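> Provided below are the primary sequence and the corresponding predicted coordinates.
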Amino acid sequence: MILASAQTKPKRGNINENLLDHYRLIDIAADKGVELIVFPEMSITGYERERAASLAFTQNDSRLDKLAKLAVDKKIIIIAGAPIRISFDLFIGGFIFQPDNSIIIYTKQFLHLDEENYFQSSFDYNPIIKLDNERISFAICADIDNPMHPQNAYKVDSSIYIASIFFSPKGIPTTTLTKFLNFIK
């Protein structure tokens, strides 16, 4: 099994250009035999809290059609981040495009304090994906900072834990990585 993490540099609010970058990286990954590729938090829109409501996607948003088609055509699971509107709530989420043409949503469970002004958190959209004989759980950024999140993945027998993270110029605080690495030892 080959998994890939795509480190992109999204252009804030430029959905079309960001999607073109996704397509390019998916093509490269698929040519190398990758079966799952994960993009950073909010990779489709850039990390846009203040503009998230106007940039938000829904599960059946036509702007996602090509990602869904690539997942089927290239036989690859694609995880791409965006603000997601479900009913009247706005979430930081990840779209999980699967080779069977299904789209599943993961929503961030543990928000940073400054994100709570713009987004909801939810434990309702927390899928487990099966690939080969593995069970894969997902996280978005601050999820890994709460020990309950990886513990819950462990409790449901996940064998792989994938975190979609947006890196700022200062990166992830060392304390966050240290706590996470100590937990998984």
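Yep, it's here.

> just the strands in the protein please.
Remark: strands assigned in the chain by DSSP state E are 3-5, 36-38, 77-86, 89-97, 103-107, 129-131, 134-140, 160-164.

> can these go into TSV with extra columns for mean neighbour count, mean pLDDT and distance to Asn14?
For glycine as for every other residue, the C-beta is placed from the backbone atoms N, C-alpha and C. Below are these laid out as TSV (neighbours: other Cβ atoms under 10 Å; pLDDT from 0 to 100; distance: least, Cβ to Cβ, whole Å):
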stretch	mean neighbour count	mean pLDDT	distance to Asn14
strand 3-5	16	91	22
strand 36-38	23	96	20
strand 77-86	24	96	13
strand 89-97	24	96	18
strand 103-107	20	95	22
strand 129-131	15	93	29
strand 134-140	22	93	21
strand 160-164	19	89	19
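
> got the contact list for the closest residue to Pro83 other than its chain neighbours?
Excluding the flanking residues, the one nearest Pro83 by Cβ to Cβ, 6 or more residues apart in numbering is Ala52, at 3.8 Å. Applying Cβ atoms under 8 Å, 6 or more residues apart in numbering, we find Ala52 in contact with Thr45, Pro83, Leu90, Ile92, Tyr118, Phe119.

> wait, Asp145 sits on Phe110?
Yes - using Cβ atoms under 8 Å, Asp145 is in contact with Phe110, at 6.6 Å.

> thinking again about what came up before, closest to Lys66 out of the contacts of Ala52?
Proximity of the contacts of Ala52 to Lys66 was ranked by Cβ to Cβ; the top entry is Thr45 with 15.8 Å.

> follow-up on the earlier one: from Glu35, how far out is the residue nearest to Pro83?
For Ala52, the distance to Glu35 equals 30 Å [Cβ to Cβ, to the nearest Å].

> tell me the mean pLDDT over the longest helix along the chain?
For the chain, the longest helix by residue count, based on DSSP state H, is helix 15-31. The pLDDT scores in helix 15-31 average 96.

> buried residues, that helix. List them.
Going by neighbour count (16 or more other Cβ atoms under 10 Å), the buried part of helix 15-31 is Ile15, Asn18, Leu19, Asp21, His22, Leu25, Ile26, Ala29, Ala30.

> for stretch 50-57, same thing?
For stretch 50-57, using 16+ other Cβ under 10 Å, the buried residues are Ala52, Leu55, Ala56, Phe57.

> re earlier: ok, the buried residues of helix 15-31 vs Asp61, which is closest?
Ile15 (10.3 Å).

> roughly how far apart are that closest one and Ala29?
Ile15 is 21 Å from Ala29, where distance means Cβ to Cβ.
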